[in-house]
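**Q** how does the following fold in three dimensions:
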Amino acid sequence: MLQIHEKNNFIYLTMALIVLLVAAAIQEELPGGMGHTFLNIIILGTFIVAFMSLNFGTQWRRFVMFLVVAWIATVAGAESTGLFDRTLPSLLILLVFYLGESWFAARRVLLSGKRIDRNIMVGALAMYLLIGLVWSTVFLIILHFSPDAFRGIEAQDYADNFSIAVYFSFVTMTSLGYGDISPAEPISQVVTILAAISGAFYMAVVVATMVGARANSREQDD
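**A** Numbering: from 1, shown residues only. Presented below is the predicted three-dimensional model:
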C-alpha cells in the first residue's frame with residue numbers, strides 16, 4: 001500500500017485537483033441532479049485528500065475539518081430542507097479552502113528553501129491549479145450577485161457554471177484570451193485583470209524560486 005509522506009504528498013494533491021477539473025466537465029453531461037451530487041462528492045474528496053496529504057500540523061487539520069463539517073452541513077441542509085440557497089455559503093467555503101490551501105502550500109513550495117525535487121515541482125503545479133480555482137470561485141461569486149457580469153456565461157446554479165468558470169479562469173491566467181467569454185461590468189473587469197496579473201506573476205516567482213534554489217544547491221554541493 002502506498003504511503004503519503006513529504007516526498008510524494010503534492011503528487012496526490014495535484015491528482016485530486018486534476019480529477020476535480022475533469023469531474024466538473026463530466027457532471028454537466030449527467031442527467032438531473034446527479035451532476036450536482038457527483039460534483040459535490042468530488043469536491044468533498046479533494047477536502048479529504050488535502051487533509052491526508054498536506055500534513056501541515058494541528059492548525060491545518062483543524063482548518064480542513066472545520067471546512068469539511070461546514071461543507072457537509074451546507075450542502076446536506078440545503079438539499080434536505082430547501083429552506084435556504086446553498087450557493088453563496090458553498091462558494092465562500094470553497095474560496096476559504098482554496099486560499100488557505102494555497103497559503104499553506106506556498107510555505108512548503110516557495111518559502112521552504114528546500115532542495116528542488118520532483119514533489120516540489122509537482123507542488124508548484126498544484127499551487128497554479130489552486131490559484132486558478134480561487135479565481136474561478138471569485139468569478140462565480142460575482143456572477144451570483146450580478147448575473148450579467150460576464151458575457152458568455154449564463155446565470156444558473158454554481159455547479160452548472162463551475163466548469164466554465166474554471167475554463168475562463170485558466171484562459172485568463174495564461175493570457176490566451178479566446179474571446180468567447182468576457183467581463184461586462186467594472187467589477188468583473190477589474191477582477192479579470194487581477195487574475196491575468198496573478199498568472200504571469202506566479203510564473204515569474206516560480207522560475208525565480210527554482211533558479212535560486214538550484215543555485216543554492218550547487219553552492220552547497222561545492
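**Q** now do the helices in the protein.
**A** Listed from the start of the chain, the chain has helices (DSSP state H) covering 9-26, 34-53, 58-81, 87-109, 118-145, 158-173, 186-221.
**Q** for Asp180, find the nearest of these.
**A** helix 158-173 (8.6 Å; CB to CB). (C-beta placed from N, C-alpha, C; glycine too.)
**Q** run the chain-centre distance for the closest one.
**A** Relative to the centre of its chain, helix 158-173 is centred 11 Å away, using CA atoms, centre = their mean, to the nearest Å.
**Q** then stretch 136-156?
**A** For stretch 136-156, the distance from its own C-alpha centre to the chain's C-alpha centre is 17 Å (CA atoms, centre = their mean).
**Q** repeat that for stretch 116-123.
**A** A distance of 18 Å separates the centroid of the chain from that of stretch 116-123, by CA atoms, centre = their mean.
**Q** identify each buried residue in that stretch, please.
**A** By neighbour count on 16 or more other CB atoms under 10 Å, the buried set for stretch 116-123 is Ile116, Asn119, Ile120, Val122, Gly123.
**Q** per-residue confidence for the last one?
**A** Gly123 is assigned a pLDDT of 84 by the prediction.
**Q** neighbours around the closest residue in space to it that isn't next to it in sequence, how many?
**A** Counting by CB to CB, 6 or more residues apart in numbering, the nearest residue to Gly123 once its immediate chain neighbours are dropped is Phe10, at 3.6 Å. Other residues near Phe10 come to 24 when the count uses other CB atoms under 10 Å.
**Q** any idea how far Val75 is from Leu13?
**A** When CB to CB, to the nearest Å is the yardstick, Val75 and Leu13 sit 22 Å from each other.
**Q** these two: which has the busier surroundings?
**A** Just comparing Val75 and Leu13: by other CB under 10 Å the higher neighbour count belongs to Leu13, 26 against 20.
**Q** how about the contacts made by that one?
**A** Taking CB atoms under 8 Å, 6 or more residues apart in numbering as the criterion, Leu13 is in contact with Val49, Ala50, Ser53, Leu54, Ala105, Gly123, Ala126.
**Q** try it again with 7 Å
**A** Leu13 makes contact with Val49, Ala50, Ser53, Leu54, Ala126 under the criterion CB atoms under 7 Å, 6 or more residues apart in numbering.
**Q** noted, bye for now.
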